[in-house]
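Asks: no letters, just coordinates:
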């Protein structure tokens, strides 16, 4: 009987130690996952900024081209409407 009690105590101690190790592991994993989430968010924001800069550069290039075209038409005495008018016909 005394031997069974000792085995139960040893088993309880081992289980308590395993539980403590699992808690430590959980804390470490949570910290690492939080860091990974932050890194992913930072990378995503950086990619969005790059896209925004590229789009802005393209918009400026288009505006510059349109302005250049308008000046060319005006200098040649041509009157060009901005935009395109579409009509539906049958």
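Replies: Yes, it's here. Values in this document were obtained by computation on a predicted structure and should not be read as measured data.
Asks: CA only for contacts and neighbour counts going forward, please
Replies: Will do.
Asks: distance check, residue 13 against residue 20.
Replies: 11 Å (CA to CA, to the nearest Å).
Asks: report the distance from the helix or strand containing residue 17 to the chain centre.
Replies: When elements are defined using DSSP states H and E, residue 17 is found to belong to helix 2-75. Helix 2-75 has its C-alpha centroid displaced from the chain centroid by 8 Å (CA atoms, centre = their mean, to the nearest Å).
Asks: pLDDT on it, on average?
Replies: Helix 2-75 shows a mean pLDDT of 92.
Asks: show me what that helix is packed against.
Replies: Judged by 3 or more CA pairs under 8 Å, 6 or more residues apart in numbering; DSSP states H and E, helix 2-75 is in contact with no other helix or strand.
Asks: neighbours around residue 71, how many?
Replies: For residue 71, the count of nearby residues is 13 (other CA atoms under 10 Å).
Asks: what do you get for residue 69?
Replies: 13.
Asks: residue 57 versus that one, what's the distance?
Replies: From residue 69 to residue 57 the distance is 18 Å (CA to CA).
Asks: what of residue 64?
Replies: Note on residue 64: its distance to residue 57, by CA to CA, is 11 Å.
Asks: what do you get for residue 15?
Replies: 62 Å.
Asks: ok, residue 44 next?
Replies: For residue 44, the distance to residue 57 - CA to CA - is 20 Å.
Asks: with residue 50 instead?
Replies: Residue 50 is 11 Å from residue 57, by CA to CA.
Asks: just want the most central residue of this protein.
Replies: Among the residues of the chain, the one closest to the centroid is residue 44, at 2.6 Å (CA atoms, centre = their mean).
Asks: could you measure from residue 40 over to residue 11?
Replies: Counting by CA to CA - residue 40 and residue 11 are separated by 42 Å.
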